[in-house]
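*Asks:* generate coordinates for the sequence data below:
(chains A and B)
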Amino acid sequence: DSGVTQTPKHLITATGQRVTLRCSPRSGDLSVYWYQQSLDQGLQFLIQYYNGEERAKGNILERFSAQQFPDLHSELNLSSLELGDSALYFCASSVWGADTQYFGPGTRLTVL
Amino acid sequence: GNSVTQMEGPVTLSEEAFLTINCTYTATGYPSLFWYVQYPGEGLQLLLKATKADDKGSNKGFEATYRKETTSFHLEKGSVQVSDSAVYFCALSGGSGGYNKLIFGAGTRLAVHP
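*Replies:* Next up, the predicted model:
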């Protein structure tokens, strides 16, 4: 158990809908990262937050957004969902400046 | 940009066989290197890491040595078990890109048979 929690574990929705994925980092970690794992793209970095502020952006679509709240939990919002958004979404956390990230169990999103 | 290339799978071995999964990287600066493992239906677990040239990371019988001259970080285990069946990901972070993200290889699926 890494100490990073993600909810829900599974999510099934329809095209065009909007969903929110939630992540709670390890105790003491201020950095949160979001990754997408799909069959065609592999594991890709989406976005990083540190103590409530966006710090780095990767291959994140404009339809996706994220935020980190004062209690340090983070949410990834996915809107206007398409079939191709079906994937496993991971959250990871670390202390600032550390090279090691600890991953949550992931949320499996299925868009029908 | 930085990238990681690892051998394609699946790798199929008998129990107690020797395992090597090749990983090479392209990066500017001095990145940290990692192996993560994903067991069926689970998330990513950090298996081992190395932060500078010639460092050896080790855990649970797995080892990998940071080779700057060959830009490699091959994963090895002397005697695999059925319970080692999983997908293994090589990754890097840092270097001139900073520790903002992990860059992963495509993953190598390992299947170990009794």
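
*Asks:* what parts of chain B come near chain A?
*Replies:* Contact residues, chain B versus chain A (Cβ under 8 Å from any Cβ of the partner chain): B:32, B:34, B:36, B:42-46, B:49, B:51, B:89, B:93-94, B:98-107. Heads up, the C-betas are built off the backbone N, CA and C, glycines and all.

*Asks:* among those residues, which ones are in strands?
*Replies:* Those of these mapping onto strands are B:32, B:34, B:36, B:44-46, B:49, B:89, B:93-94, B:103-104, per DSSP state E.

*Asks:* farthest pair within these?
*Replies:* B:Q45 and B:G94 (20.1 Å; Cβ to Cβ).

*Asks:* pick out whichever of these two has more residues nearby.
*Replies:* B:G94 (21 against 16; other Cβ atoms under 10 Å in any protein chain shown).

*Asks:* I'd assumed A:G97 was in contact with the more buried one.
*Replies:* No: taking Cβ atoms under 8 Å as the definition, B:G94 is not a contact partner of A:G97, at 10.0 Å.

*Asks:* got CSV for the ones in strands among the residues of chain B next to chain A, with pLDDT too?
*Replies:* Formatted as CSV, these follow (pLDDT from 0 to 100):
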residue, pLDDT
B:S32, 93
B:F34, 96
B:Y36, 97
B:L44, 93
B:Q45, 94
B:L46, 95
B:K49, 96
B:F89, 97
B:S93, 90
B:G94, 82
B:I103, 93
B:F104, 95
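
*Asks:* just grab the bridge partners of the residue nearest the centre of chain A for me.
*Replies:* The centroid of chain A falls nearest to A:W34 when counting by Cα atoms, centre = their mean (3.4 Å). For A:W34, the beta-bridge partners under DSSP bridges are A:I47, A:C91.

*Asks:* what about it, distance to B:K60?
*Replies:* 28 Å (Cβ to Cβ, to the nearest Å).

*Asks:* please apply the same query to B:I21.
*Replies:* 14 Å.

*Asks:* what's the answer for A:T107, then?
*Replies:* Distance from A:T107 to B:K60, by Cβ to Cβ: 27 Å.

*Asks:* higher neighbour count, those two?
*Replies:* With other Cβ under 10 Å as the criterion, A:T107 and B:K60 differ in neighbour count, and A:T107 comes out ahead with 22 against 12.

*Asks:* got a list of what A:R108 touches?
*Replies:* Each residue near A:R108 by Cβ atoms under 8 Å, 6 or more residues apart in numbering or on different chains is listed here: A:9-11, A:87-89.

*Asks:* low-confidence ranges in chain B?
*Replies:* For chain B, the stretches flagged by pLDDT under 70 are B:96-99.

*Asks:* in chain A, which spans are strands?
*Replies:* Using DSSP E, strands in chain A cover A:5-7, A:10-13, A:19-24, A:31-38, A:42-50, A:53-57, A:64-68, A:74-78, A:87-94, A:102-103, A:107-111.
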